[in-house]
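Novice: The sequence and its predicted three-dimensional model are supplied below.
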Amino acid sequence: MKKNLHPAYRPVVFRDKSADYAFLTRSTRISEQTIEWTDGNTYPVVDVDVSSASHPFYTGRGRILDTAGRVERFQQRYGKK
């Protein structure tokens, strides 16, 4: 294998500020910011906009579209009389 071809794969903290949620995983992302984790070590931190703690699919706060109502309204306006 060629040396210095792949980026460094190391522990990184991903933080979702909107949900006040952070998790430690391994990644190749680079960040100048650091955070002290619960284990006492300091890791680079990457801020994300959406995580499983704030995404509507995972939290159940998603909107449900009323497709049946839309079809009925269409039929009333343009359907056969």
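Specialist: Good, I have the coordinates.

Novice: center of the protein - which residue?
Specialist: Centroid-nearest residue in the chain, with CA atoms, centre = their mean: residue 51, separated by 2.6 Å.

Novice: that's a helix at that one, yeah?
Specialist: No - using DSSP: H, G, I helix; E, B strand; the rest coil, the assignment for residue 51 is coil, not a helix.

Novice: quick one: it from residue 30, how far?
Specialist: In this structure, residue 51 lies at 19 Å from residue 30, with CB to CB, to the nearest Å as the measure. Any C-beta I mention is one placed from the backbone N, CA and C, and that applies to glycine too.

Novice: got the contact list for the residue nearest to the centre of the chain?
Specialist: Contact criterion CB atoms under 8 Å, 6 or more residues apart in numbering gives 14, 16, 19, 21, 23 as the residues in contact with residue 51.

Novice: Next, please give the residue ranges for the helices of the protein.
Specialist: In order along the chain, the chain carries the following helices (DSSP state H): 56-59, 67-78.
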